[in-house]
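1. The sequence and its predicted three-dimensional model are supplied below.
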Amino acid sequence: MKPETKNLIFVILAIIGGIVVLGWTLKIAFKLVGIAIVLGLAVLAYIFIQNMVGKGR
């Protein structure tokens, strides 16, 4: 096998590996963003309810 062929195979495998790692990273990031949005909405709802109860007294 020629050195150029070995380099080409290495580059192709590196690109495929990078795409796979990027896919996993984005998948985890979007899950964390979803959790953060849900937690943020829960905190806003809690603050809103506390303000409503506080004003009602």
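-> Okay, I see it.
2. What are the phi and psi values at Lys2?
-> phi -70, psi 150 (degrees, to the nearest 10).
3. Now that we're looking at it, what pLDDT does it have?
-> At Lys2, the pLDDT value in this model is 82.
4. ditto for the one 5 residues further on
-> Taken from the predicted model, the pLDDT recorded for Asn7 is 91.
5. Quick one: the helices in the chain, in order.
-> 3-56 (DSSP state H).
6. Tell me which residue is most central in it.
-> Nearest to the geometric centre of the chain sits Ala29, at 0.7 Å (Cα atoms, centre = their mean).
7. Tell me how far that one lies from Gly40.
-> Separation of Ala29 from Gly40 (Cβ to Cβ, to the nearest Å) stands at 16 Å. Heads up, the C-betas are built off the backbone N, CA and C, glycines and all.
8. Next: Met1.
-> On the measure of Cβ to Cβ, Met1 and Gly40 end up 55 Å apart.
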